[in-house]
Every structure is written in C-alpha cells, then in structure tokens.
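[1] Using only what follows, build the 3D model:
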Amino acid sequence: MTTTTEARARSGRLMINKVPEVTIWFWLIKILCTTVGESFADWINMKLGVGLVNTAWIFTAVFVVVLAVQLRLKRYVPFPYWLTVVVVSVTGTLYTDILTDQLNVPLWISSAVFSVLLAVVFGVWWLRERTLSIHSVTTLPRESFYWLAVLVTFALGTATGDWTLELTGWSPGVSVLLPLGLIAAITALWKFGANPVLSFWLAYILTRPLGANIGDWLASPKVAENPGDPTGLDLGTFTTSVIFLGLILATVVYLTVTRSDVTEAHEAAHAVHTTGDPRKERVALAGFGLLAVVTAGLLVWAHSQPHVGPAPEEDNTSAVQMAPGQAVKKFPPAKVTALKTLASTSLKDARSGNETGAHAAAQKLRDLWDADQASLQPLDQTGWTSIDAQMDKMLKTFGIDHSNPPMSPAQQEKELNALLTDMG
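    Coordinates of the predicted model:
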C-alpha cells in the first residue's frame with residue numbers, strides 16, 4: 001500500500017522525500033527490523049546484564065545519535081534510514097518492557113496509554129502540517145513528527161502484541177496468524193479504496209506484533225521450561241538477531257544499488273496514485289470497524305478458553321558472568337558465610353527429600369538476603385545484582401515470591417548449587 005502526495009501535486013514538481021517509497025521492499029525490511037527489535041532487545045538485556053532501565057538508557061542515547069544523523073540528511077538514504085528503524089524498534093520494545101516488567105503496569109493500560117499518545121502525535125502533526133502522508137516528509141518538522149510516531153507505534157505494537165499473548169495463551173507460531181491476517185484484510189480494503197494514509201499506519205502498527213511473534217517463534221526453545229512459556233524453533237535470540245540483521249543488510253545494499261525505493265525514482269517508472277473515491281473510503285472505513293469488532297470477538301473467545309498464559313519476561317541481569325566468589329568478594333565474610341550456611345542446609349534437605357526443611361531454609365535465606373540488602377548493595381552493585389538474580393531463580397524453584405508451584409527437587413538442587421558456586 002502507498003499514500004498520496006498532495007503537496008507534490010500542488011507544487012507541480014518532485015520534492016526530495018526523506019522516507020522510502022512504500023513497496024514490497026518497505027514492508028519486508030520493516031518486518032525484518034521489527035523481528036530484530038524483539039530478539040536483539042532480549043539478547044542485549046541478557047548479555048549486558050545492566051538491567052532493563054540501563055539498557056533502555058543506552059539505546060535511547062544510540063537512538064538520539066542515529067536520529068541526528070538521519071535528520072541532517074537532505075534526502076532519503078537507505079542505510080541511515082533503516083539503521084534508525086532498527087534502533088527505534090529496540091528502544092520502543094525496551095520502553096514497553098520497562099512498564100510491564102519493572103513497573104508492573106498491566107499491558108491493557110500500556111496499550112491504552114500508547115494508543116492515546118499516538119493519537120495525540122497524529123493530531124498535532126495534522127493540525128500543524130495538514131497531512132499525515134509519509135510521501136510528504138520533506139521538512140524537519142514533518143520528519144520529527146514521523147519518527148516520534150514510529151517510536152510510539154513500536155511501543156504500542158509491543159504492548160498490544162504481548163497483551164494478545166497474555167489474553168489468549170497462544171504460542172508465538174499461532175500468534176503470527178492474527179496480525180498477518182489483519183494486515184491481509186487491511187491490504188484488501190486498501191485495494192478496494194480505503195484511505196491510504198489510514199491503511200498505511202494501521203498496517204505499520206501491526207507489523208510490530210507480527211515481527212515480534214516471528215522472532216519469539218524462532219528464538220524460543222522447542223520444549224517449554226515452565227507452563228505457559230513460549231515454544232518455537234530454538235534458534236536462540238543471538239542467532240535470530242544475526243540472521244535477520246544479515247537479511248536487513250543485504251536488502252539495504254540492494255536498495256542502495258537499485259534505488260528502487262526512492263520516491264522520485266519509483267514515480268518515474270510508475271503512475272502516481274489517483275485521488276481516492278470518498279464513497280469507497282466510507283465503505284472501507286466501515287470495513288475497518290467490522291474488522292475491529294471481529295478481532296475483539298476472537299480475542300474474547302480465545303481468552304475464555306482454558307489456557308496457561310505466558311510468564312512475564314524478567315530483567316535478566318543474572319546473565320552477568322562472574323568467576324566463582326567474585327560477586328561476593330567485597331562483602332563481609334561473616335555475612336557471606338551465613339548465607340552459604342542456609343543455602344547448604346536447603347540443598348542438603350532437598351537432596352534427602354526433606355521438602356519442608358529445604359523450603360524453610362530457602363525462606364530464611366531469602367529473609368537474610370533482604371535484610372542485608374541495605375548494607376551489601378552499596379559495596380558492590382554488580383556483585384549484588386548478580387547474586388540477587390540467582391537468588392531469585394532459586395526462590396522460584398520453591399515457589400517463594402513467585403506464583404508457580406514448587407518445582408522438582410532436581411531443579412531446586414541445580415539452582416542452589418549455582419548460588420553456592422556464585423558465592424564461592
């Protein structure tokens with residue numbers, strides 16, 4: 001789908017546009033970028049080990065830099081443009097993850113807030129520029145509105161996509177079908193005569209959950225570790241990110257060489273889209289409304305079916321790799337010894353089949369660790385974060401501070417051994 005360019009028609013000349021022509025290449029690379037936004041954000045969060053908030057700050061800084069480069073350009077150039085899209089896809093994903101996983105904001109509230117925010121962005125954009133067409137992004141204010149809208153659409157797409165998974169309990173592979181079907185329906189309505197600008201932005205938002213579900217499906221393990229966890233092809237977040245970044249790079253190189261997505265070059269070889277039919281636009285608008293009702297009905301029905309919802313993503317700071325004993329090196333030996341004693345007691349009871357004793361020792365270990373936080377955390381933030389993350393993994397196996405039932409003794413022993421190893 002594409003959009004009309006009223007400004008170009010009035011001026012009678014071809015203006016240099018900062019956004020590529022909306023062709024099949026545009027949608028292909030947009031979905032690739034969206035998939036990277038999901039898988040790369042997960043991988044970076046795990047490997048950096050600095051927490052979601054700090055990771056978001058890092059990518060916000062990167063986004064500011066690449067956006068500054070993009071804004072300084074006088075025309076559309078594939079590499080900086082799509083680099084900005086990749087970075088904003090990761091950044092928007094992290095913003096939603098912070099609201100959900102750090103601040104415990106329900107996904108329906110995040111979806112509502114981002115929907116209102118996007119409406120405000122579009123409203124101000126329209127009042128100032130009198131167009132939302134991406135074919136008229138020819139000034140700095142319009143491009144600024146465009147990138148702000150893109151950022152919000154990524155955050156909104158993340159929230160609505162995750163909310164859909166939460167409501168339905170669908171696997172990522174099955175979940176791909178919903179946004180894919182909606183995009184196909186929107187395309188059909190656009191072909192019929194729907195408003196091209198509205199059609200574009202609706203499809204643009206839906207590519208976010210589509211790409212995210214593809215990324216989750218490729219990266220998730222074949223067998224769920226816990227009930228409700230996503231399953232997929234087990235490529236892992238790193239491999240998935242590398243594959244899709246490679247595909248993005250190859251596509252950008254092709255577009256750079258052929259210039260097939262440059263607005264002026266495309267319009268030189270294709271007829272300019274004609275003015276829309278108001279009657280068909282009204283009919284198509286009713287079609288969009290019907291599509292929304294049917295989608296809502298499908299989600300309500302799926303939610304009413306028995307299912308186990310996916311567990312919320314965690315702040316994977318436990319992925320910080322430290323040598324045994326390094327994390328507690330700056331902590332008082334007496335406190336470390338007390339923690340290790342309780343962990344050893346819990347491990348001994350778990351091995352002997354004394355479930356009550358193992359659980360009680362793990363509970364005392366949690367209480368002692370929480371009580372010592374104020375004195376230990378300032379001594380070594382990184383070390384404390386590493387132990388705290390492993391402590392949380394151990395507590396989860398006992399169902400302490402988590403909603404899941406206690407796991408098997410073997411799983412409890414595994415996490416207790418890992419905790420003792422970390423404490424030296």
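[2] nearest residue to the residue most central in space within the chain other than its sequence neighbours?
    Computing the C-alpha centroid of the chain and ranking residues by CA atoms, centre = their mean puts T93 first, at 3.3 Å. Distance criterion CB to CB, 6 or more residues apart in numbering; nearest residue to T93, sequence neighbours excluded, is A41 at 4.4 Å. (Glycine included, C-beta is placed from N, CA and C.)
[3] Select the longest helix from the chain.
    Ranked by residue count and defined by DSSP state H, the top helix of the chain is helix 140-168.
[4] Next SSE downstream of the helix or strand of the chain at the bottom of the mean pLDDT ranking?
    Lowest on mean pLDDT, DSSP states H and E among the helices and strands of the chain sits helix 6-11, with a mean of 38. Downstream of helix 6-11, the first helix or strand assigned by DSSP states H and E is helix 24-48.
[5] so that following helix versus helix 140-168, what angle?
    Using axes from the mean of the first three to the mean of the last three CA atoms, to 10 degrees, the inter-axis angle of helix 24-48 relative to helix 140-168 is 70 degrees.
[6] Go through the helix or strand just after helix 24-48 and flag the buried ones.
    As assigned by DSSP H and E, the chain's next helix or strand after helix 24-48 is helix 51-72. Under the neighbour-count criterion of 16 or more other CB atoms under 10 Å, helix 51-72 has 51-52, 55-56, 58-59, 62-63, 66-67, 70 buried.
[7] What are the contacting residues of helix 51-72?
    Contacting residues not belonging to helix 51-72 are listed as 18, 41, 44-45, 48, 50, 80-81, 83-84, 87-88, 90-91, 94-95, 97-98, 101-102, 140, 143-144, 147, 315, 317, 385 [CB atoms under 8 Å, 6 or more residues apart in numbering].
[8] What residues of whichever helix or strand comes after that helix count as buried?
    Counting by DSSP H and E, the next helix or strand C-terminal to helix 51-72 is helix 78-97. By neighbour count on 16+ other CB under 10 Å, the buried set for helix 78-97 is 78, 80-97.
[9] hang on, L379 packs against K330?
    Yes. Contact criterion CB atoms under 8 Å: L379 and K330 qualify, at 4.7 Å.
[10] which residues are common contacts for those two?
    Common neighbours of L379 and K330 (CB under 8 Å, 6+ apart) do not exist.
[11] For L32, see how far away L249 is.
    10 Å (CB to CB, to the nearest Å).
[12] where does the stretch 151-300 of the chain have low pLDDT?
    224-229, 263-275 (pLDDT under 70).
[13] show me what contacts the residue nearest to T93?
    55, 90, 93-94, 97.
[14] Can you show me the CA trace of stretch 401-412 as CSV?
    Extracted C-alpha coordinates of stretch 401-412, given in CSV (Å, rounded to 0.1, in the frame of the first residue of the first chain):
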residue,chain,number,x,y,z
ASP,A,401,7.8,-14.8,45.9
HIS,A,402,6.5,-16.4,42.7
SER,A,403,3.1,-17.7,41.7
ASN,A,404,4.2,-21.0,40.4
PRO,A,405,4.1,-24.2,42.5
PRO,A,406,7.4,-25.7,43.8
MET,A,407,9.5,-27.3,41.1
SER,A,408,11.2,-30.7,41.3
PRO,A,409,14.0,-31.3,43.9
ALA,A,410,16.4,-31.7,41.0
GLN,A,411,15.6,-28.2,39.8
GLN,A,412,16.0,-26.9,43.3
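[15] number of nearby residues for the closest residue in space to W163 that isn't next to it in sequence?
    Computed as CB to CB, 6+ apart, the closest residue to W163 that is not its neighbour in sequence is L107, at 3.8 Å. A total of 21 residues lie near L107 under the criterion other CB atoms under 10 Å.
[16] Same check on P278?
    For P278, using other CB under 10 Å, the count is 10.
[17] I figured S220 was touching T231, is that so?
    Yes. S220 lies in contact with T231 (CB under 8 Å); the separation is 5.4 Å.
[18] Mind checking which of the two has more residues around it?
    Using other CB under 10 Å, the more surrounded residue of S220 and T231 is S220, with 24 against 16.
[19] Please report phi then psi for the more buried one.
    Reported as degrees, to the nearest 10, the phi and psi values for S220 are phi -70, psi 150.
[20] and the gap between it and P230?
    Distance from S220 to P230, by CB to CB: 4 Å.
[21] Now the common contact residues for the two.
    P172.
[22] Tell me who's in contact with the residue nearest to G193 when sequence neighbours are not counted.
    Computed as CB to CB, 6+ apart, the closest residue to G193 that is not its neighbour in sequence is K280, at 2.9 Å. K280 makes contacts with 192-194, as judged by CB under 8 Å, 6+ apart.
[23] next helix or strand past the helix or strand where L342 lies?
    Using DSSP H and E, the element containing L342 is helix 333-352. Next helix or strand after helix 333-352 toward the C-terminus (DSSP H and E): helix 355-376.
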